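> need coordinates for the below:
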Amino acid sequence: MSDVALALRQVRYTNKAFWRNPGSAFFTFAFPLMFLVIFTSLLGSGTIEVAPGVFIKQSTYYVAAMSAFAVITASYTNIAISVVFQRDAGILKRTKGTPLPGWAYMGGRVLHVLIVAILLVIITSAFGVAFYGADVPSGVLLLKFAAVVVVGAMSFAALGLATTSIVPNPDAAPPVVNAIILPLLFLSGIFIPFGVDTPEWIRTVARIFPVKHFADAMRAGFYGAPFEFLWRDVLIVAIWGLAGLILAARFFTWEPRK
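Numbers count the residues shown, from 1 in each chain. Reported below is the predicted structural model:
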C-alpha cells in the first residue's frame, strides 16, 4: 500500500476516533454556535461602522467572525491539545514504531482537521442564514471563501503542531494553547468588532499575527462589499503556516516529555 493510501486510511481512523468521543465532538461543533448566539444577543442588536460611512449589522458580522473562530478552534486549539495528550500517553511513540510513515500519520490528522473545519463553516453559515438573515457567498466569491478556509485550516493546524513543542505536559496544554490564541482572537476583531474608533495600536499589533489576516479574508470572502478581499491576507496566513510547519519539523517530538 502506498504512503498516500496509508495517509487517507489514517484520515478514516482519525475520523472514527473523533466521532467515538461524542462529548468532544459535540462541543467542537457547539462552541461556535454558542458563541454566535451569545455575542449576537449581547452585541448584535445594532450596527457597526466598518469604514467611514459604511455600516453593517453586528449580527451579520458575527456569522463570518464565528466561522473564522470555528476554523481556528478545530485547526489550532484542538490539534495542539490532542497531540500533546497523545504524545505523553505514548501513543505517538508507539505509532512511530509501526510501518506507518510519520508524515502519513500527521497528514491524516491534518486532513481530518480540514474536513471538520469545513463542516463547522457550513453549519455556522447555515445557522447564520436561518436565524440572522446572513447571505452566503456564491460564484467567484465562494471560490475565494473556500480557498481562505482551506489555507487557514492547514496553516493553523501546522501552527498547532509547532505549539506542541513548547507544551511540557498534558495538564499545561489547555492553558498554554488558550493563552496564545485567546488574546489574538480579541485583538483581531473576532469577538469584539473593529470600528472606525478602534485604536491604531491595536490594529498594528493585530496585523503582525495571522488571526487578523485570516479573519479579514474570511469576512471579505463571506460578504464581499463593503469588505475588500485581499489575497495578501491569504498569503500572510500561508506564510505563517509554512513557518509553523518548519518549526514543527524541527522541534516536534514523538516521545513523551520527561
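> so what touches stretch 5-15?
When contacts are defined by C-beta atoms under 8 Å, 6 or more residues apart in numbering, stretch 5-15 is touched by residues 1, 100-101, 103-105, 107-109, 111-112, 115. In this view, the C-beta of every residue, glycine as well, is placed from N, C-alpha and C.
> of all the residues you listed, the one with the weakest confidence?
Lowest pLDDT among the contacts of stretch 5-15: Met1, with 62.
> returning to that earlier point: drop anything exposed from the contacts of stretch 5-15.
For these, a burial check counting by 16 or more other C-beta atoms under 10 Å picks out 100, 104-105, 107-109, 111-112.
> show me the contacts of stretch 5-15 that map onto strands.
Among the contacts of stretch 5-15, no member falls in strands (criterion: DSSP state E).
> a markdown table for the residues you listed, including distance to Val84?
Converted to a markdown table, those look like this (distance: C-beta to C-beta, whole Å):
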| residue | distance to Val84 |
| --- | --- |
| Met1 | 29 |
| Leu100 | 20 |
| Pro101 | 21 |
| Trp103 | 19 |
| Ala104 | 20 |
| Tyr105 | 15 |
| Gly107 | 19 |
| Gly108 | 18 |
| Arg109 | 13 |
| Leu111 | 20 |
| His112 | 17 |
| Ile115 | 21 |
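> quick one on the thing from earlier: just name the closest of the buried ones among the contacts of stretch 5-15 to Phe27, please.
Here the nearest of these to Phe27, counting by C-beta to C-beta, is His112; it sits at 16.9 Å.
> secondary structure element for the nearest residue to the closest one once chain neighbours are set aside?
Spatial nearest neighbour of His112, excluding adjacent residues (C-beta to C-beta, 6 or more residues apart in numbering): Thr14 at 4.2 Å. Thr14 is located in helix 3-19, with elements delineated by DSSP states H and E.
> what's the mean pLDDT across that helix?
80.
> and the next helix or strand after it, what's buried?
Going down the chain from helix 3-19, the next helix or strand is helix 22-43, by DSSP H and E. Residues 28-29, 31-33, 35-37, 39-40, 43 are the ones in helix 22-43 that count as buried (16+ other C-beta under 10 Å).
> so can I have CSV of the residues you listed showing pLDDT and distance to Ile208?
Shown next, in CSV, are the buried residues of helix 22-43 (pLDDT from 0 to 100; distance: C-beta to C-beta, whole Å):
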residue, pLDDT, distance to Ile208
Thr28, 81, 28
Phe29, 84, 31
Phe31, 84, 26
Pro32, 87, 25
Leu33, 88, 30
Phe35, 87, 24
Leu36, 86, 27
Val37, 86, 31
Phe39, 82, 25
Thr40, 81, 29
Leu43, 70, 26
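> from Arg12, how far off is the residue nearest to Leu185 when sequence neighbours are not counted?
Leaving aside its sequence neighbours, Leu185 sits nearest to Phe191 (C-beta to C-beta, 6+ apart; 5.6 Å). Distance, Phe191 to Arg12, by C-beta to C-beta, to the nearest Å: 35 Å.
> these two: who's more crowded?
Phe191 (17 against 11; other C-beta atoms under 10 Å).
> before we move on, what SS does that one have?
Three-state call for Phe191 (DSSP: H, G, I helix; E, B strand; the rest coil): coil.
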